[in-house]
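Undergrad: structure, please.
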Amino acid sequence: MPVNLVGAMSTREKILVAMSGGVDSSVAALLLKQQGYDIVGAYMKNWINEDNIVGHCPWMQDIDDARAVADNLGIEFHVVNLMKDYRERIVDYLLDGYRRGLTPNPDIMCNREIKFGVFRAWARDHGFSAVATGHYARREQNPDGTWSLLEGADKNKDQSYFLTLLSQEQLADARFPIGHIPKPELRALAREAGLTTADKKDSQGICFIGEVKMQDFLRQYVPDQPGPIIRADDGRLLGEHRGLHYFTLGQRKGIGIPSNTDNKAYVVVGKRSEDHALLVAFDGADAPGLFVHEVRIHSVTWNCPPITTSRHLEARVRYRDPRAPAEFIPDATPLSDASAPSVANASYPTTALVRFTEPQRGLASGQIIAFYDGERLLGGGVYS
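TA: Below you'll find the predicted structure:
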């Protein structure tokens, strides 16, 4: 049987706690401190809104809040400047994806490339054996010494999806101290400990950029490229949009075209690059291209032994969607796709077809699919 992490960690372990200034990471540090671990807190300084994008980027307040919690706990605190890495690995990925008509997922990439990438490397270089975060996820050790990643116990707050692309090596160095705690209980623990973040509102912005709307962020860096809005089923011209990068498959709000039909609303069903056309249809099961029974994926990554033959799994097609039955069918030979980056040193098929038992809505190219076996997250890939 797997061994739960909380009781398995050595108290001599030196852990760097990623403290964002929020209540989740604050309680992660609190619990590790109470359990007797050698911990240090650190804030990842990734973005400071130098270009004055419209929106609130509260990084200074977040640092003050994280430092106040560290002072309360009596632990050392650092600010780690990762701005250059964040710009190269996350912001450039984000902007390049939108320029190419994709819908990137910066939060998942931020966890792989920054939090458990360069931040983890910084931790190792400074004598730490592990990085702890405030994710609602759990880690359990298998009999062979490897680690499994499980959903958080609080299903309403589960964040395992955002850890989809972590490798086994990254998972081995990860610690998730709050994964077994319901959110209301977590806030109560913070209040009891007198932490200043106990009632702080959860952030809803882009990963580490703050309360900045995606449209405002894109408007700053991606030039508008207007094109027609076309009704997909009959080709009728309905209007004009400012740029395809402002829209994603399945989007209903912000299209700017009234339906003029009772109880019906337009939804984005496609983007046509050759004439920059935004394709829309009335939202419903018969909207062309909105629902699919199968989808191709690339850049497949596993945190467990790779699946190399067809297998029935459960798939989470986006954050907060329930797990859905699906068949994972890996390609015998990875298909050539210039837009699909290969997985470094992969010795298994990294492209596949996913076939769903029930049709799935709005699977946008560039977004992430996660594969599960019950509560256990196995890995995932990117929609082609």
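
Undergrad: for whichever strand or helix holds Pro228, packing partners?
TA: Secondary structure from DSSP states H and E places Pro228 in strand 227-231. Judged by 3 or more Cβ pairs under 8 Å, 6 or more residues apart in numbering; DSSP states H and E, the packing partners of strand 227-231 are strand 237-241, strand 277-282. Quick note: C-beta positions are derived from backbone N, CA and C, even for glycine.

Undergrad: need the winner for burial among the ones you listed.
TA: Across the helices and strands packed on strand 227-231, averaging neighbours per residue (mean count of other Cβ atoms under 10 Å) puts strand 277-282 on top, at a mean of 23.

Undergrad: in the lengthiest helix in the chain, what's buried?
TA: The single longest helix within the chain, with elements called by DSSP state H, is helix 59-73. Residues 59, 62-63, 65-70, 72-73 are the ones in helix 59-73 that count as buried (16 or more other Cβ atoms under 10 Å).

Undergrad: grab the CA positions of the helix or strand following that helix and hand them over as PDB.
TA: Note on helix 59-73: by DSSP H and E, the next helix or strand toward the C-terminus is strand 77-81. Extracted in PDB, the C-alpha atoms of strand 77-81 (Å, rounded to 0.1, in the frame of the first residue of the first chain):
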ATOM      1  CA  PHE A  77      12.600  34.400   4.300                       C
ATOM      2  CA  HIS A  78      14.100  35.200   0.800                       C
ATOM      3  CA  VAL A  79      12.900  36.900  -2.400                       C
ATOM      4  CA  VAL A  80      14.100  34.900  -5.300                       C
ATOM      5  CA  ASN A  81      14.300  36.900  -8.600                       C
END
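
Undergrad: so which of the helices and strands packed on strand 227-231 gets nearest Leu165?
TA: strand 277-282 (29.2 Å; Cβ to Cβ).

Undergrad: now for whichever helix or strand comes after the closest one, which elements pack on it?
TA: Moving toward the C-terminus from strand 277-282, the next helix or strand (DSSP H and E) is strand 291-302. Using 3+ Cβ pairs under 8 Å, 6+ apart as the contact test, the elements touching strand 291-302 are strand 352-361, strand 376-383.

Undergrad: quick one: distance of the next helix or strand after strand 291-302 to the chain centre.
TA: Per DSSP H and E, strand 291-302 leads on to strand 311-316 as the next helix or strand towards the C-terminus. Here strand 311-316 is found 19 Å from its chain centre; the criterion is Cα atoms, centre = their mean, to the nearest Å.

Undergrad: what does stretch 274-289 give?
TA: The answer for stretch 274-289 is 26 Å, by Cα atoms, centre = their mean.

Undergrad: the chain should start at 218 in everything you say after this.
TA: In the new count, where the first residue is 218, that last one comes out as stretch 491-506.

Undergrad: alpha carbons only: can I get it in PDB?
TA: Provided in PDB are the C-alpha atoms of stretch 491-506 (Å, rounded to 0.1, in the frame of the first residue of the first chain):
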ATOM      1  CA  GLU A 491      -5.900  32.100 -43.800                       C
ATOM      2  CA  ASP A 492      -8.400  35.000 -43.700                       C
ATOM      3  CA  HIS A 493      -8.400  35.600 -39.900                       C
ATOM      4  CA  ALA A 494     -12.000  34.500 -39.700                       C
ATOM      5  CA  LEU A 495     -13.700  33.900 -36.300                       C
ATOM      6  CA  LEU A 496     -16.300  31.100 -36.800                       C
ATOM      7  CA  VAL A 497     -19.400  31.200 -34.500                       C
ATOM      8  CA  ALA A 498     -22.600  29.200 -34.200                       C
ATOM      9  CA  PHE A 499     -25.600  29.100 -31.900                       C
ATOM     10  CA  ASP A 500     -24.500  27.300 -28.700                       C
ATOM     11  CA  GLY A 501     -25.800  23.700 -28.600                       C
ATOM     12  CA  ALA A 502     -25.100  20.100 -29.300                       C
ATOM     13  CA  ASP A 503     -25.400  20.600 -33.000                       C
ATOM     14  CA  ALA A 504     -23.000  23.600 -33.200                       C
ATOM     15  CA  PRO A 505     -20.400  22.500 -35.900                       C
ATOM     16  CA  GLY A 506     -17.000  21.800 -34.400                       C
END
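
Undergrad: circling back to that earlier point, and the strand holding Pro445, what's its mean pLDDT?
TA: Computed over strand 444-448, the mean pLDDT rounds to 98.

Undergrad: give me the contact list for that strand.
TA: Contact with strand 444-448 is made by 453-458, 460-461, 472-474, 489, 492-498, as judged by Cβ atoms under 8 Å, 6 or more residues apart in numbering.

Undergrad: 6 Å - rerun?
TA: 454-456, 458, 474, 493-496 (Cβ atoms under 6 Å, 6 or more residues apart in numbering).

Undergrad: one more: stretch 460-480?
TA: 315, 318, 320, 432, 435, 439, 441-442, 446, 455-456, 482-485, 488, 493, 495, 578-579, 581.
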